[in-house]
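Visitor: Got a predicted model here, sequence first, then my questions.
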Amino acid sequence: MLEFRNVVKATGAAAVIALWSVMPVFAQDQITIKFSHVVAPDTPKGKGADKFKELAEQYTDGRVKVEVYPNSQLYKDKEELEALQMGAVQMLAPSLAKFGPLGVPEFELFDLPMLFKDRADLVKITEGEVGKSLMAKLDDKGIKGLAYWDNGFKIMTANSPVVSPDDFLGLKMRIQSSKILEAQFQALGAVPQVMAFSEVYQALQTGVVDGTENTPSNTYTQRVNEVQKYANVSNHGYIGYAVIVNKPFWDGLPEDVRTNLDKAMAEASVYANEIAAEENAKALQAMRDAGTTEIHDMTDDERAEWFEVLRPVHEEMSSRIGADLIQQTYTALGIE
Ligand code: LMR
């Protein structure tokens with residue numbers, strides 16, 4: 001039989017972590033779930049994670065302990081995905097823009113600019129066939145998708161006004177690691193730059209990039225408004241999350257534990273999705289009150305102008321996401 005210390009020697013620490021994550025959980029073992037994320041605790045995702053911890057520990061009578069690590073404390077964007085696959089953490093909720101490195105770029109569907117009119121549109125996708133088929137694609141990557149969590153619609157920020165599409169010409173804009181977002185900013189004549197979320201504030205403060213896009217809650221909790229003179233409430237795109245777990249770990253849980261965790265996740269998801277719009281409205285108001293940023297609210301005429309410039313990105317990126325998936329989405333949303 002292969003001895004544990006020889007396995008360590010032969011395969012190195014990384015493989016041992018992976019092995020550890022698939023070891024069976026015995027009847028009364030304490031189970032720890034490390035839930036790592038990159039945003040502040042005081043955001044829709046941060047609050048959702050804390051709610052899951054509370055309910056999971058309650059429903060399992062303390063048998064499961066959930067350790068939540070916010071603010072990229074443990075891992076930054078890319079590293080957290082690797083850590084999940086190795087079993088160094090068990091649960092994450094990356095934004096849907098960050099699934100390319102996992103080999104499922106189809107999630108970038110959610111990044112298509114000017115796709116969703118409102119949250120009702122979005123729910124048709126997350127709760128419909130498209131949402132289900134995307135989650136199923138994770139299975140053979142050693143990952144299980146548990147739920148979609150909402151954040152909200154994005155605003156644009158920069159140190160010069162960003163009202164008309166022409167205003168973006170030559171601006172260096174931070175993006176998440178999504179090819180759709182890259183194409184979106186190229187369509188605006190800007191220069192997109194992929195960067196981890198934890199590095200955004202400093203990059204804006206030091207002028208490494210000129211601007212960015214994010215939800216009001218992320219913008220405000222990262223103090224981005226303190227280093228951006230202008231914002232446009234453009235709602236041109238969406239940020240949401242898939243809550244994912246290491247599949248061997250999840251499948252190896254005793255059935256009663258998993259049932260209780262499923263219940264905790266279902267309730268935490270309702271909670272997270274209920275508070276998201278309100279959290280973003282509060283953050284936007286706090287930005288207005290802070291007065292560090294001149295905030296423009298996009299008009300209908302301006303939206304029509306942005307639409308002209310950004311909608312061709314759908315066609316341009318259809319090979320990455322899949323023309324069929326886009327068509328299925330259009331059909332679900334009633335887009336001709
Ligand atoms: C970002 O990187 O801008 C966001 O995806 C962060 C997050 O998780 O909301």
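Guide: Alright, I've got the coordinates. Only a predicted model underlies this, so the values are computations on that prediction, with no experimental measurement involved.

Visitor: who touches the closest residue to Gly128 other than its chain neighbours in this structure?
Guide: Residue nearest to Gly128 in three dimensions, not counting chain neighbours: Ala332, with 5.5 Å by Cβ to Cβ, 6 or more residues apart in numbering. (C-beta placed from N, C-alpha, C; glycine too.) By Cβ atoms under 8 Å, 6 or more residues apart in numbering, the contact set of Ala332 is Lys124, Ile125, Gly128, Glu129, Val130.

Visitor: Spell out which parts of the stretch 51-200 of the chain neighbour the ligand.
Guide: By the rule Cβ under 6 Å from any ligand atom, the part of the stretch 51-200 of the chain lying against the ligand is Ser95, Asn151, Gln176, Phe197.

Visitor: right, and the third one touches Phe99 too?
Guide: No - no contact is recorded between Gln176 and Phe99 when judged using Cβ atoms under 8 Å, the distance being 10.5 Å.

Visitor: what's the overlap in contacts for those two?
Guide: With Cβ under 8 Å, 6+ apart, Gln176 and Phe99 have no common neighbours.

Visitor: What does the residue in the stretch 151-300 of the chain that the ligand sits nearest to show for phi and psi?
Guide: Using Cβ to the nearest ligand atom, the single residue of the stretch 151-300 of the chain nearest to the ligand is Phe197, 3.4 Å away. With angles defined as degrees, to the nearest 10, Phe197 sits at phi -60, psi -40.

Visitor: ok now do it, which residues does it touch?
Guide: Contacts for Phe197 were tallied using Cβ under 8 Å, 6+ apart; they are Val38, Val39, Ser72, Lys76, Asp77, Gln176, Asn218, Gln222.

Visitor: Report the two of the residues you listed separated the most.
Guide: Taking every pair in the contacts of Phe197 and measuring Cβ to Cβ, the maximum separation is 14.9 Å, between Lys76 and Asn218.

Visitor: which one of these two has more residues nearby?
Guide: For the pair Lys76 and Asn218, the greater number of neighbours falls to Asn218 (27 against 14), based on other Cβ atoms under 10 Å.

Visitor: secondary structure class for the more buried one?
Guide: helix (DSSP: H, G, I helix; E, B strand; the rest coil).

Visitor: now the contacts of Ala332: which count as buried?
Guide: Lys124, Ile125, Val130 (16 or more other Cβ atoms under 10 Å).

Visitor: so what pLDDT did the second one get?
Guide: At Ile125 the predicted local distance difference test score is 98.

Visitor: for the one 5 residues further on, same thing?
Guide: Val130 carries a pLDDT score of 98 in this model.

Visitor: Now, the residues of the stretch 51-200 of the chain next to the ligand that are in strands?
Guide: Asn151 (DSSP state E).

Visitor: Find the nearest non-adjacent residue to Lys117, please.
Guide: Counting by Cβ to Cβ, 6+ apart, the residue nearest Lys117 is Leu333, at 7.9 Å.

Visitor: so how far is His314 from that neighbour?
Guide: Distance of Leu333 to His314, computed by Cβ to Cβ, to the nearest Å: 12 Å.

Visitor: which neighbours do these two share?
Guide: Leu115.
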